[in-house]
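Novice: just need the structure, nothing else, for what follows:
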Amino acid sequence: MIRRIPYKYLVAIVFMFGLFMDLMDTTVVNVAVPDLTREFKASTSAVEWTVTGYLLSLAVFIPAAGFLSDRFGTKRVFLAAMTIFVVASAACGQAHSLAELVAFRFLQGMGGGMMTPVGTAMLSREFPGAERAKASALISVPVVLAPTVGPVLGGYLVEYVSWRWIFYINLPVGLAGLTFGFKYLEEHREAYAREGFDAVGLITGGAAAAMLLYSLASAATAGWTSRSVVGWGVAGTLFGLAFIARELRAHPPIIDLALFKRSLFLLGNATVMPAFGVFAGFIFLLTLYLQQLQGRTPFDAGLIQGPAAIGTAVSLPLASRLYGRVGPRKMMLGGFGLSMLALAPFVTLDASSPTWIVVVFLFLRGFPFAFSMVAAQTIIFGPLESAKQGSGSSVYNTLRQVAASFGVALIASIQLSRMSSHLHELMASEQLATPTAAVQRHAMALGFRDAFVVCVALMLIPLTLAFFVNDRKAAESLSRRAAAPGAAAAIPGRD
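Specialist: A predicted model of the protein is given here:
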């Protein structure tokens, strides 16, 4: 019966197994940090390496993932990456020291860093042209659900079972994905990738992404002007420039930078980057608001965030159907515009805001996200020919990860700085030498309010860029890709 399902949907099923695990693991560990500090008798900053190490590993392997899959085969690389991820998850659950856990998390990131871009490229090859809207809707399911389910599931497991189960939960999902993938995936290679391997590009690109992510991850606590943040940021920028110089001369390059000459690819990525940054920063901010200001448990905070996923689940099928009728420009303008409006009510929240209001706000916030993301991913990947899907996916996923880290760092630092500023103002106005609990709480509420205002304001960036999307040009590019030989039939190069 499964054999009757079109191959492209089999690819989508396998990819969603991997993408869900990868994205969920970027958030699920956050709620376990307090338990891990007690378990290993370590400081919070030391335990944070379980999160930072995973992100750094993602950054190292994402840039080269597309090329490696084109050279050695998408099925082989994707399933190898999933295997690494599953084995590392089991090892994380068995860790007996913080050093072991950090090392195994880095190994997890290696698998996750390759799974997502390779899976994105596989899916894009099977859904050419305007069909990419369907693929984008499928991808958006784990992209939106995983960060929401992660805190809920992680909070429950940490609170009622054991922190080790936040890693063990990956085993049944991963084994199911591996079994399905081994049976139904077909191999695919690209001829260009057999000409050579750019080791210098792999090293400089991975180092640049890792250094920049580490700098951004540290900025929230150390401050943007700290020596560590500035130093790693400058080093990452220099390695990035070296990577660009290398890739412009390499044959074949790890990442084809000529893709940025394509207006839809450039505009699509430029649009979704700030949106992903706001999305990640908002989720981080909301989790802090629910736990620090309202005093909720990790599990309760996760449960409250669930309705956002419901809103997105409702809009996803609508988005994939509307794309052909409405076009990318109106969908992106509507999606980003409604997203900005849906974030605005969070500015009114305070320590006493009732749960039902937060739940309603979150449902409304989750609804418009799918429209903008489906349209943006369609104009990014839909026009790309098969040989460019690997590089395009690596670019997209690297930028997405950097944008998310930047968003979290920016929003967190704004919340902390504004809280500190409000605290000093309140103490001065009430002539206090030391702040009372009530004053500290009020300052914290004002800090969260200001950070939510920034989230709303930042949505103006993707909204403004969406005005420059040309529906006619997008339709022509997607039609050319869909009409290309082999675009919707058998993919050349399969073994």
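
Novice: and the protein, what are its domains?
Specialist: 2-182+252-483, 197-251 (automatic domain parsing).

Novice: so what's the nearest residue to Glu159 once chain neighbours are set aside scoring on pLDDT?
Specialist: Spatial nearest neighbour of Glu159, excluding adjacent residues (CB to CB, 6 or more residues apart in numbering): Phe299 at 4.9 Å. All C-beta spots, glycine's among them, are computed from the backbone N, C-alpha and C. If you check Phe299, the pLDDT there is 77.

Novice: tell me how many other residues surround Phe299.
Specialist: Neighbour count of Phe299, defined by other CB atoms under 10 Å: 19.

Novice: check contacts around it.
Specialist: Neighbour list for Phe299: 152, 155-156, 158-160 [criterion: CB atoms under 8 Å, 6 or more residues apart in numbering].

Novice: how far away from the center of its chain is stretch 281-296?
Specialist: The chain centroid and the centroid of stretch 281-296 are separated by 19 Å under CA atoms, centre = their mean, to the nearest Å.

Novice: try stretch 434-450
Specialist: With CA atoms, centre = their mean as the basis, stretch 434-450 stands 31 Å off its chain's centre.

Novice: cool, stretch 83-93 as well?
Specialist: 20 Å.

Novice: what is the burial count for Glu186?
Specialist: Neighbour tally, Glu186, other CB under 10 Å: 16.

Novice: surely it meets Tyr7?
Specialist: Yes. Between Glu186 and Tyr7 there is a contact under CB atoms under 8 Å: 7.0 Å.

Novice: picking up where we left off before, most tightly packed of the domains of the chain?
Specialist: Comparing these by mean neighbour count (mean count of other CB atoms under 10 Å), domain 2-182+252-483 ranks first with a mean of 21.

Novice: picking up where we left off before, and the residue nearest to Glu159, how far is that from Gly306?
Specialist: As judged by CB to CB, to the nearest Å, Phe299 and Gly306 stand 11 Å apart.

Novice: for Ala351, give me phi and psi.
Specialist: phi -60, psi -30 (degrees, to the nearest 10).

Novice: give me the secondary structure label for Gly295.
Specialist: At Gly295 the chain is in coil, as set by DSSP: H, G, I helix; E, B strand; the rest coil.

Novice: pLDDT below threshold where in the stretch 301-450 of the chain?
Specialist: By pLDDT under 70, the stretch 301-450 of the chain has no low-scoring segment.

Novice: need the strands for it, in chain order.
Specialist: Along the stretch 301-450 of the chain, no stretch is classed among the strands by DSSP state E, counting those that start in this stretch.

Novice: regarding Thr204, what is its secondary structure?
Specialist: Assigned by three-state DSSP, the conformation of Thr204 is helix.

Novice: that one touches Thr237, doesn't it?
Specialist: No. Judged on CB under 8 Å, Thr204 makes no contact with Thr237 at a distance of 11.9 Å.

Novice: who's sitting farthest from the centroid in the chain?
Specialist: Gln431 (45.1 Å; CA atoms, centre = their mean).

Novice: contacts only, for it.
Specialist: Taking CB under 8 Å, 6+ apart as the definition, Gln431 has no contacts.

Novice: check Ala81 too.
Specialist: 18, 65, 110-115, 118.

Novice: again, only using 7 Å
Specialist: Ala81 sits next to 111, 114-115, 118 when contact means CB atoms under 7 Å, 6 or more residues apart in numbering.

Novice: repeat that for Phe406.
Specialist: Going by CB under 7 Å, 6+ apart, Phe406 touches 216, 277.

Novice: so it versus Leu212, what's the distance?
Specialist: 9 Å.

Novice: now swap in Leu478 and tell me
Specialist: Counting by CB to CB, the gap from Leu478 to Leu212 is 32 Å.
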